[in-house]
Every structure is written in C-alpha cells, then in structure tokens.
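In: Only the shape, not the letters, is given here:
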C-alpha cells in the first residue's frame, strides 16, 4: 500500500508545474526518499517489472492558477485529514512500547514526507494569494494611469481649441479694422465729390440767373422792336437759337441734379453701414473683454494643470516599466492630430477662396467707379461744347490731370500741379507734405482730352520699345517692374501692398505645385 501511495504522488506532481522551483525540488526529493525506503520491502525484480510495464505519459502544460485551485480544493483537504489522524495516533502512541516494527518506521517516514509536502502546498497557496493581490494592485495602477492620461489629452485638446478660437478672433478684429479704414476713405472721397458737385451747382445757378436776366432783356427789346424792319428778324432768329441753347443747358442741369440726389442717397447708405460697423465693433470689444477674463481663468486652470502634471510626471517615473502598453494610444493621437491639421488646411483654402471672391468684388466696384468718372468727363465735354462764342471758338477746356478749367492763353508750364501718389489720410507719400489741399509736387501744363490721348499713344509706343532686365519682358523698365519684391515709394501704398500680396500668393502656389 505504501508503494502505491508514493507512486501516485509522484505521478500527480509530475502533472502539476509548481510555481516555486525550490518547492518542486523538495517534493521530488521527498518522493525519492520514500521510494528508497520502500525498496527494502519489495523485491528489486517486482519494482523493475512494474516500472517496465508502466507507460510514461507526456507531461502536460497546466497554468499555475488552475494548479493552485486543484491543490486548494482537492489535495489540501486530504492532507489536513491525514495530519489530524497522525496527531491522534501520536497522542495514543506514548503508552505503547518503544520497540517498533519496520512497517511502523516506514509509515512514519511517509507521514513526515506528506507533512513536508503539505507545508510546501500551503506556501504555494499563500504565494498565489499574494500574486493575485499584486496583480489587482497593478490593474488599479494601470487604470489610474489611463484615466490621468485621458484627462491630460482632453485638457490639451481644449487648450488647442481655445487657442484656435483666439487666433480667429484676432484675425476678425484686424479685418474689421481694415474695413473701417476703407469705409472712412470712401466716406472722405464721397464728401469731396459732394463739395465739388455743390460748387458746380452754385455755378450753374448763377448761369441760370444770368440767362433769365438776359431773357427778360431780350423780351423787352422784342416788344419795343416789333415795329422794326426785316433787319431785326435775323436778330430775333439769333435770340431764338440762344433760347434753345439755354433750354438745353437747363435740361443738362436737371440731369445733374438727379445725379446729385442719387449721390446723396448713396452717402446716406454709407452712413448707415458705418453705424452698423460701429455697433459691431462695440460688440467685438465686449467679446474681447470676455475673452480676456476667460484667458485669466484658463491661465489659472493651466497652473493647476501644471501642478497636476508634475504629480503625474512623478507617477510616470514610478510606472516607467508600463510604457509599452501606451504605444497604440500614442499612434491614435498622432493620427487624430494629422486629421485636425488637414482640416485646418482645408479651412485655410476656403478662406483664400473667399479672399479671391472679395478681390473680384473690389475690382467690379473699381470698374463701376471708372465708368462713372468717364460719364462725368463726358458731361464736362458736353458743357464745354455748349459754351461757344458767337465766332464758334471754345472758351474753356478741362484738364484731365487736375480736373480744372483753363484757357489756352493762360496755360503755362507751372499751371498744373499734381501729386504722384494718393493721399494716405495724414500726408502725401510722394513729397511728404501734410494736408489734403497741399500743393502738388509735379508741375506741368494743363492737358486736354485730345492731347492726352496723343500722349498715351506715344507712351505705349515707348513702352513697346522698352526692355526690363530683371524679368526679361518688354513694355516696362526696371523701375516699373511688377515682379519687383521690394516696395516702391513713388507709388500708392495700398496698390503696392496688393501687388506684394499677389506676388506672395503666386510664389506659394508655385511651391505647392513643385512639391506635388
């Protein structure tokens, strides 16, 4: 019976892979001692025959957790029952004789072996419970680390969103400033036009008064000279022709007054738009103040977050061995960041398209302005054609540069004074003079429309003959090259700014195409 028990124990422990190698070694050593002691009872031939007949089964791989459960539920209760029986025998065996048989000695050795195995199993159970506790603690630590990193990622995403909103608000603020400056410039130009039109209206009123007085005089003369001969009939025909001319002038004055009314209505619309823009600017200032307060709150939250980040960094130093588990999350975060960058690039492209649309609108408005100025010049030409002497000679002409009336007898080399650049609001960039009514820096003769057309044709011929050494194109000099990346002082500042922006856009498009 003893041989069979030890044999069963050896088979059972060969099937169970023990977690502790020392424990496994002790178990096998105890089994070996039991077999050596039992070999004295049985003959060597029976043992060898049994070993030859036994079929060695292959050792199966079992997880340590399953082995611990088997030991706890099946083997430990068996050993506990045997230890209780041994304790009872020991208490009763004190009264027995000192002389023991060989079978009793063998049984005592078996019990000592079984008790040592029982102790080792108890130790393995304790170690397994401690390992489970350590595993639970490690799981809690990993969960805490994941929660802290998720909170950190959320805070960083919120910060990036708030920064983008702040940048968008700054861009909108600059755009509103630019629009206000443009509206002020347009308002000043319209006021100048109104003043000029009012002066012309006063002149035309004076002419009407003179014409009415002349009509009264001619009517009185007609009543007094009805009895005069056929010589006065020719004079009456001349007076009738003069009356027709005066009626034509009256019709022209009526059309001019209608144009004045439309201009006044446009000015009222511009004032309304300015009031709307001032209200929008006030709301924008309030929103900027709120954003400043929100920024302070964000700074405080950032301080708290930095403190928490320091604590988390200490925790990360302690849990540096668990970084390999977070590589997948980092890759996902990088993919999301790339997607956000692509979204921002798409938004930038949309904003560029809107900018190009606004530039197209600006060009349409500019073309309308040029058409109106051409109509104005035609009206002036008509008025000058009607101002004819009795001999048929034109008395006054209009200069296309300074838009002033002049006589050919009084046209000198210094009579026309013009600035080469536009008025910037404080000073003239061409000469540095202050005040909108300052004298021009370029002096020349007055040039009428016909003379100007001849000069333009001559300039076009000269441009065709010119050659630019910087861009290798014909039609302009090095000074007037449109591809020059430097700003020019003799030209309008707004036009130069637009030209440089267009050059930047062209260069960026060329770079993108080359990269693609």
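Out: That came through, no problem. None of the values given here were measured: they were computed from a predicted structure.

In: Give me the below-cutoff pLDDT ranges for the stretch 151-300 of the chain.
Out: 222, 224-226, 228-230, 232-233, 235-236 (pLDDT under 70).

In: any idea how this protein splits into domains?
Out: Annotated domains of the chain cover 2-93+101-142, 328-393, 396-463, 466-516 [automatic domain parsing].

In: I'd like to know which of these has the weakest mean confidence.
Out: Per-stretch mean pLDDT for the domains of the chain is lowest at domain 2-93+101-142 (a mean of 57).

In: for residue 264, what are its contacts?
Out: In this structure, residue 264 makes contact with residue 194, judged by CB atoms under 8 Å, 6 or more residues apart in numbering. Glycine gets a C-beta too; all of them are placed from N, C-alpha and C.

In: May I ask which helix or strand encompasses it?
Out: helix 231-318 (DSSP states H and E).

In: which element follows that helix toward the C-terminus?
Out: Next element after helix 231-318 (DSSP H and E): helix 327-386.

In: just the angle between that following helix and helix 231-318, please?
Out: Interaxial angle, helix 327-386 versus helix 231-318 (axes from the mean of the first three to the mean of the last three CA atoms, to 10 degrees): 170 degrees.

In: Can you tell me which helices and strands helix 327-386 packs against?
Out: Secondary-structure packing of helix 327-386 (3 or more CB pairs under 8 Å, 6 or more residues apart in numbering; DSSP states H and E): helix 102-224, helix 231-318, strand 397-398.

In: Need the three-state assignment for residue 484.
Out: Classification of residue 484 using DSSP: H, G, I helix; E, B strand; the rest coil returns coil.

In: Okay, the closest residue to it other than its chain neighbours and residue 503: tell me how far apart.
Out: Excluding the flanking residues, the one nearest residue 484 by CB to CB, 6 or more residues apart in numbering is residue 470, at 6.9 Å. Here residue 470 is placed at a distance of 13 Å from residue 503 (CB to CB, to the nearest Å).

In: Spit out the residues that contact these two alike.
Out: residue 483.

In: winner for burial among the helices and strands packed on helix 327-386?
Out: strand 397-398 (a mean of 20; mean count of other CB atoms under 10 Å).

In: by contact count, what packs against that strand?
Out: helix 327-386, strand 405-406.

In: neighbouring contacts of stretch 342-356?
Out: So stretch 342-356 is contacted by 164, 505 (CB under 8 Å, 6+ apart).

In: that older thread, ranking the helices and strands packed on strand 397-398 by burial, who's on top?
Out: By mean neighbour count, with neighbours taken as mean count of other CB under 10 Å, strand 405-406 ranks first of the helices and strands packed on strand 397-398 at a mean of 16.

In: Starting from that strand, tell me which strands it pairs with and how they run.
Out: Partner strands and pairing direction for strand 405-406 (DSSP bridges) are strand 397-398 (antiparallel).

In: Was I right to think residue 402 contacts residue 418?
Out: Yes: shown here, residue 402 and residue 418 form a contact pair, counting by CB atoms under 8 Å, at 5.8 Å.

In: Need the residues touching each of those two.
Out: Joint contacts of residue 402 and residue 418 (CB under 8 Å, 6+ apart) are residue 440.

In: so how far is residue 499 from residue 340?
Out: 35 Å.

In: nope, residue 468 is what I meant
Out: Distance from residue 468 to residue 499, by CB to CB: 15 Å.

In: Same check on residue 154?
Out: For residue 154 relative to residue 499 (CB to CB), the value is 46 Å.

In: likewise residue 354?
Out: 21 Å.

In: Between the two ends of stretch 436-447, what distance do you get?
Out: 23 Å (CA to CA, to the nearest Å).

In: go on, stretch 409-417?
Out: 18 Å.

In: how about it: buried residues?
Out: residue 416 (16 or more other CB atoms under 10 Å).

In: List the contacts of it.
Out: Residues contacting stretch 409-417 (CB under 8 Å, 6+ apart): 399, 401-402, 404, 406, 439-447.

In: Now with 10 Å, please.
Out: Under the criterion CB atoms under 10 Å, 6 or more residues apart in numbering, residues 397, 399-402, 404, 406, 438-448 lie in contact with stretch 409-417.

In: out of those, which are inside strands?
Out: 397, 406, 442-444 (DSSP state E).

In: got TSV for those residues, with distance to residue 131 too?
Out: Compiled in TSV, the ones in strands among the contacts of stretch 409-417 are given as follows (distance: CB to CB, whole Å):
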residue	distance to residue 131
397	109
406	109
442	96
443	102
444	102
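
In: and the two most separated of those?
Out: 397 and 442 (19.7 Å; CB to CB).

In: returning to that earlier point: so how do I select the buried members of the contacts of stretch 409-417 in ChimeraX?
Out: Of these, the buried ones can be selected in ChimeraX as follows, counting by 16+ other CB under 10 Å:
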select :397,399,400,406,440,444,446,447,448
